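Trainee: Quick one, fold the following:
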Amino acid sequence: MINLVKEEYLIALDFLPMGKATDKKSEPTVQGIGENYFSLLEVVVKKNVQVKPKDRFYIGPGKRDVVDYIKRRISYEELTSLAKDILEEVVTEIVSKNESRFVAFFNNAGPLSPRMHSLELLPGLGKKHLFSILQERKKKPFESFEDIKKRVEMLPDPKKMIVKRILQEIRNKEERHRIFVA
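Mentor: So this is what the prediction gives:
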């Protein structure tokens, strides 16, 4: 069993009632994504439990109602086609539900090196937007994605920027800088 103290909740991406064809044992398996660190996991669910994509369930320490055990961490390439198809939608929902956490990133992000700021890792954000964000957050911290859009001229949708970055980190295991994905 894998000891993952970080993730407490998993969002189902796909349910395989008989497991994968390549598995030695036939057991009901869910491929899912962790709610906090976007870890891709395979978990075995208890017998006679039906899981639908986007179901949320507890995988932390202690008593679990749905999950029997955490099987393993998986890579993006190991996801089923259904799991890959709904991944962006699920990540978008997680970001929307935890807006304050991601707005805090805009308020608190710092430089990675003398030449690069962590905000520049967001797709579509260059030096001009970076300086605007830094100026605006000095005046007053951002309160929402909408507030960021209003105060920073010509900025692409901040929520979409965050979602794109998370997906980029999930898909590319060679990603040098990881901001959101464990």
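Trainee: pLDDT on the longest helix seen in the chain, on average?
Mentor: Determined from DSSP state H, the single longest helix within the chain is helix 81-97. The pLDDT scores in helix 81-97 average 98.
Trainee: what's near enough to touch the residue nearest the centre of the chain?
Mentor: Nearest to the mean C-alpha position of the chain, by Cα atoms, centre = their mean, lies residue 38 at 3.5 Å. Applying Cβ atoms under 8 Å, 6 or more residues apart in numbering, we find residue 38 in contact with 91, 94, 166, 169, 170, 180, 181, 182. Quick note: C-beta positions are derived from backbone N, CA and C, even for glycine.
Trainee: can you tell me how far the third one sits from residue 67?
Mentor: Spatial separation of residue 166 from residue 67 under the definition Cβ to Cβ, to the nearest Å is 23 Å.
Trainee: what do you get for the last one?
Mentor: Using Cβ to Cβ, we find residue 182 at a distance of 19 Å from residue 67.
Trainee: pretty sure residue 55 contacts residue 13?
Mentor: No: Residue 55 is beyond contact range of residue 13, at 9.9 Å (criterion: Cβ atoms under 8 Å).
Trainee: residue ranges with poor pLDDT in this protein?
Mentor: Scanning the chain for pLDDT under 70 picks out the ranges 1-5.
Trainee: Give me the domain ranges for it.
Mentor: 9-80, 98-171 (automatic domain parsing).
Trainee: In the longest helix of the chain, which residues are buried?
Mentor: Buried residues in helix 81-97, counted by 16 or more other Cβ atoms under 10 Å: 83, 86, 87, 90, 91, 92, 93, 94, 95.
Trainee: In JSON lines: those residues, plus distance to residue 123.
Mentor: Formatted as JSON lines, those follow (distance: Cβ to Cβ, whole Å):
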{"residue": "83", "distance to residue 123": "22"}
{"residue": "86", "distance to residue 123": "21"}
{"residue": "87", "distance to residue 123": "16"}
{"residue": "90", "distance to residue 123": "19"}
{"residue": "91", "distance to residue 123": "14"}
{"residue": "92", "distance to residue 123": "14"}
{"residue": "93", "distance to residue 123": "19"}
{"residue": "94", "distance to residue 123": "18"}
{"residue": "95", "distance to residue 123": "14"}
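Trainee: hey, where'd the helices end up in the protein?
Mentor: Taking DSSP H as the test, the helices found in the chain are 81-97, 99-108, 127-139, 145-151, 158-171.
Trainee: Figure out which of these is closest to residue 42.
Mentor: The minimum distance between residue 42 and these falls on helix 81-97, with 10.1 Å, by Cβ to Cβ.
Trainee: How about residues contacting that closest one?
Mentor: With contacts defined as Cβ under 8 Å, 6+ apart, helix 81-97 is touched by 11, 13-14, 31, 33, 35, 38, 53-54, 76, 79, 102, 159, 162-163, 166-167, 170.
Trainee: All set, thanks.
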